[in-house]
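> structure for the following, please:
(one chain, ligands or ions: 2)
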Amino acid sequence: MTAASSTIIGDGLNLVYRRAGAEPVEALKGVSFTIADGEFISLIGPSGCGKTTLLKIFGDLLQPSTGTLTINSQQPATLRREKVIGQMFQDATLLPWKTIGQNIALLGEIAGRRPSREEVQALADMVGIGHFVDSYPHELSGGMRQRAALARAYALKPRILLMDEPFGALDEITREDMNDELVRVWSQNKLTVIFVTHSIAEAAYLSDRVFVMAPRPGRIVADIRIDMPRARRPSERFGPELTRHAEEIHHHLVSNMQRSNAHEPA
Ligand SMILES: Nc1ncnc2c1ncn2[C@@H]1O[C@H](COP(=O)(O)OP(=O)(O)OP(=O)(O)O)[C@@H](O)[C@H]1O
Ligand SMILES: [Mg+2]
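Ligands and ions are numbered 1, 2, ... in the order given. This is a model prediction of the structure:
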């Protein structure tokens, strides 16, 4: 096993949520994929199609009902113990009684890789909250707190980064800046990134591959390769090539949405 390799194989993943007195929910059904080391993968699909559920299986926060997920032939639990998986979830919360700097340092500290004061400052600068390292979370706006959560995930120096709508609360221009920052972090550190988004443009711009998902049951309905050179420039975001890919993603989203609506009772 080489330390840097982390091919991820999902094989027939099913996940059913069961609650007493409620219909079981097939959050994932028959989900299979192979993700190469260092790929940037986006998950896109309507609300409730199982994106967060799938991400939680990657992060060992949920176990599939059946099927397997292996990362470099190992179980997610092993990698979680080795702290090689960084996560930033939809409801990322900072500890209110710690400063932004202390929050950024937190995951690295838990993993036994406490970042220095300079590293914390550099991370805070990178995500644009350099002046707030000594402030407390309640003193920041929602978008700024999200950036702090992002810096906290980066500080862990993970090999695999799981991100659940990390830029959802940001204004469009800041979001574009954060996209470019993420691409820089990703390419410099040769991470594998699994990124959940509702933005077609963001998925196309960032990804090597986009998995389009559909609900009831949650599944992957298209695996779209964005076959453009990686050094994408911000000016290409709305250029013809990425627009073509965005249209393809849109087409799969819409056609599967209509199909699942067709199954709804009248
Ligand atoms: N703990 C749970 N118990 C029961 N059902 C759940 C649970 N968590 C999620 N679900 C259901 O599983 C399905 C998939 O949920 P999930 O959170 O993975 O969707 P999502 O694609 O991330 O949606 P969104 O875009 O709104 O974040 C939904 O129908 C949801 O209601
Ligand atoms: Mg979700």
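> secondary structure class for the closest residue to Met178 other than its chain neighbours?
Computed as Cβ to Cβ, 6 or more residues apart in numbering, the closest residue to Met178 that is not its neighbour in sequence is Phe167, at 5.3 Å. Glycine gets a C-beta too; all of them are placed from N, C-alpha and C. Recorded secondary structure, Phe167: coil (DSSP: H, G, I helix; E, B strand; the rest coil).
> Phe167 and Ala201 touch, don't they?
No. Counting by Cβ atoms under 8 Å, Ala201 is not a contact partner of Phe167; they are 11.7 Å apart.
> more crowded one of these two?
When neighbours are counted by other Cβ atoms under 10 Å, Phe167 and Ala201 differ, and Phe167 comes out ahead with 24 against 19.
> residue contacts, that one?
Gln146, Thr174, Arg175, Met178, Asn179, Thr197, Glu202 (Cβ atoms under 8 Å, 6 or more residues apart in numbering).
> state the helix or strand in which the second one lies.
Assigning secondary structure by DSSP states H and E places Thr174 in helix 172-189.
> between the contacts of Phe167, which is nearest Thr70?
Looking at those and their distance to Thr70, the nearest is Thr197, at 25.0 Å (Cβ to Cβ).
> tell me how many other residues crowd that closest one.
Using other Cβ under 10 Å, Thr197 is surrounded by 24 other residues.
> give me phi/psi at Ser116?
phi -70, psi 170 (degrees, to the nearest 10).
> what angle do the helix or strand hosting Ala149 and helix 172-189 make?
Ala149 is part of helix 142-155 when elements are defined by DSSP H and E. If you take axes from the mean of the first three to the mean of the last three Cα atoms, to 10 degrees, helix 142-155 sits at 0 degrees to helix 172-189.
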